[in-house]
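Colleague: Here's a sequence, model it:
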Amino acid sequence: MSEIIRKLRVAAYAVIIDDGRILLSRWLGPERPRWILPGGGIDHGEDPYDAVVREVFEETGYHAEVRRLLGIQNVRGPLNRDGEDLDYHRLRILYEAAVVGGELTYEVDGTTDQAAWFPLEEVPALDHVESVDVGLEMYRTRPLDGRIPRFT
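Modeller: Have a look, this model is predicted:
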């Protein structure tokens, strides 16, 4: 029996909505590509605010301006990655942001390969990760404590 390894990942993501559309990136996940909020891991010593601006640019080609902190999604659970059993704890810092420049481009040799705008009403039908739903719920409800009930 293999030892369970504890892993913590802290990341920052942007909810960018404009004219009834949301900006998403296509993540090249281990199972299949799925749509996610633009963002990603925070480098050691990096401010989450700076990380989300950097990640949006890397994944979409857009310059983003953070408008406000939406909240934090806390997810913990078992995960088997590359044969290793992980007790995987993810903290996702979610910001509301807006595009202030740049042009839509795709990340090359990264964890995403596309970015696109989608009408909000089309999001439920997209193959996407749960943090998209969490981010949209935080955007809509603006919880004072920065938390929403856990998605299952």
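Colleague: Would you mind identifying the next helix or strand past the helix or strand of the chain with the lowest mean pLDDT?
Modeller: Among the secondary structure pieces of the chain, namely its helices and strands, strand 62-81 has the lowest mean (mean pLDDT, DSSP states H and E), a mean of 91. Tracing the chain past strand 62-81, the next element assigned as helix or strand by DSSP states H and E is strand 84-102.
Colleague: Can you pull the poorly scored residue ranges out of the protein?
Modeller: With pLDDT under 70 as the threshold, the chain has low-confidence stretches at 1-2, 149-152.
Colleague: Helices along that one, start to end?
Modeller: If you assign secondary structure with DSSP state H, the helices in the chain sit at 48-60, 130-141.
Colleague: Buried ones in the longest one, by neighbour count?
Modeller: In other words, helix 48-60. When burial is assessed from 16 or more other Cβ atoms under 10 Å, helix 48-60 yields the following buried residues: 48, 51-60. In this view, the C-beta of every residue, glycine as well, is placed from N, C-alpha and C.
Colleague: Could you dump those into TSV and include distance to Leu104?
Modeller: Putting these into TSV (distance: Cβ to Cβ, whole Å) gives the following:
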residue	distance to Leu104
Pro48	24
Ala51	21
Val52	18
Val53	16
Arg54	17
Glu55	15
Val56	11
Phe57	11
Glu58	13
Glu59	10
Thr60	6
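Colleague: And those residues, which is closest to Asp145?
Modeller: Proximity of those to Asp145 (Cβ to Cβ) peaks at Pro48, which lies at 17.9 Å.
Colleague: Just list the residues touching the closest one, thanks.
Modeller: Taking Cβ atoms under 8 Å, 6 or more residues apart in numbering as the criterion, Pro48 is in contact with 10, 12, 42, 93.
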